[in-house]
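> here is the input, now give the coordinates:
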Amino acid sequence: MLRHLSDGRFHSGEDIAQALGCSRTLVWQAVRTIESELGLTVFSVRGQGYKLAQPFGWLDVAAIRAGLSPAAAEAFTLAVAERTDSTNSQLMARAGNGGLHGLVLACELQTAGRGRLGRRWQARLGSGLTFSLLWRFERGLAELAGLSLAIGVALGRALRTLGAPVELKWPNDVLLEGRKLAGILIEVSGDALGPAAAVVGIGLNVADPGAVDQPVAALEQAGVAPDRNRVLSAMLNELERVLSDFDRDGFAPLRDEWWRLCAHRDAPVRLSFSHGEPVDGVACGVAENGALLAQTAQGTRSFHIGEVSLRERQ
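Below is the predicted model of the structure:
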């Protein structure tokens, strides 16, 4: 039903029923389900039929592959699911079970999408990109510090090339005009000395994601055409470059580029922890292991990724 309506045009109930080989009553019930379970608005007009209020294009493996560089096309194996619990959970299950290096799983609808610190990632169907990729490293777990920042550099490159003046927030967010555009969730497994596997999960708002619990932005606000297949291809091209470089050299060569994209460069910030009092300071850089450097009342201190949240201090 959604594939009939996603073009944004009116379709009569009779035509849909004939195409699907079902009754018009089932068509009507499907419309009610789309509205109640997916939160989408469907217009129903007598004499014209049904129309989805906000049309969208579906993710398509062939269209995504058509935009990949030769290196990315060689590195990645693509799969698209209509619905799953969490793309990260699906690939984490495969990471320790011989899952293919370079496997990318994108999904139209996640029922249990996750963000950092256990937060829920929410997106209206067709409004965003949610995908994960499995990448195997020869280096050990201890040498993967800074990976989330490296991924941020890849997203920053791709989205700026598409025309969105994005910035990065330590350690794992992409901002547009100070609001969250994308988030990164990395989960790792393996040995301390290597090899190791990382599942990199990315959620990106292409269009308005609907009601969420924080200020958010969408690519369409920057005038970027919401062609999700093109956007995903652009991000995968940069992710292949950055992941290959990171596996060889770590985060250090990317440190200056990340700092140039940082939204809080030389700004007053407050770092909050799951336990203990917050720390105020001025963000003054990032270390080669991805730690945030801040000038505080106790001098320059480094803060590592974990149970730490950063906010600009007012």
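> show me the shaky parts of the stretch 101-250 of the chain.
Flagging of the stretch 101-250 of the chain using pLDDT under 70 yields the residue ranges 113-123.
> am I right that residue 159 sits in a strand?
No. Using DSSP: H, G, I helix; E, B strand; the rest coil, the assignment for residue 159 is helix, not a strand.
> the strand or helix carrying residue 200 pairs with which strands, and in what direction?
Assigned by DSSP states H and E, residue 200 belongs to strand 196-205. The strands beside strand 196-205 in its sheet (DSSP bridges) come out as strand 128-137 (antiparallel), strand 179-190 (antiparallel).
> and whichever helix or strand comes after that strand, what does it pack against?
Moving toward the C-terminus from strand 196-205, the next helix or strand (DSSP H and E) is helix 228-249. Packing partners of helix 228-249 (3 or more Cβ pairs under 8 Å, 6 or more residues apart in numbering; DSSP states H and E): helix 61-66, helix 70-75, strand 128-137, helix 147-162, strand 196-205. For glycine as for every other residue, the C-beta is placed from the backbone atoms N, C-alpha and C.
> between the ones you listed, which one is closest to residue 266.
helix 147-162 (17.4 Å; Cβ to Cβ).
> how far away from the center of its chain is that closest one?
Chain-centre distance of helix 147-162: 11 Å, with Cα atoms, centre = their mean, to the nearest Å.
> please apply the same query to stretch 20-27.
The answer for stretch 20-27 is 36 Å, by Cα atoms, centre = their mean.
> first vs last residue of that stretch, how far apart are they?
9 Å (Cα to Cα, to the nearest Å).
> ditto for stretch 257-273
Across stretch 257-273, the terminal residues are separated by 27 Å (Cα to Cα).
> average pLDDT for that stretch?
If you average the pLDDT over stretch 257-273, you get 92.
> and that stretch, what's buried?
257, 258, 259, 261, 262, 263, 264, 269, 271 (16 or more other Cβ atoms under 10 Å).
> that older thread, relative to helix 228-249, how tilted is the strand holding residue 200?
Counting by axes from the mean of the first three to the mean of the last three Cα atoms, to 10 degrees, strand 196-205 lies at 150 degrees to helix 228-249.
> looking at the helices and strands packed on helix 228-249, which is closest to residue 44?
Per Cβ to Cβ, nearest to residue 44 of those: strand 128-137, 26.2 Å.
> now the closest one, how far from the centre of its chain.
Here strand 128-137 is found 9 Å from its chain centre; the criterion is Cα atoms, centre = their mean.
> can you put the helices and strands packed on helix 228-249 in CSV and add distance to residue 2 and mean neighbour count?
Below are these laid out as CSV (distance: least, Cβ to Cβ, whole Å; neighbours: other Cβ atoms under 10 Å):
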stretch, distance to residue 2, mean neighbour count
helix 61-66, 18, 15
helix 70-75, 29, 15
strand 128-137, 16, 24
helix 147-162, 26, 23
strand 196-205, 20, 25
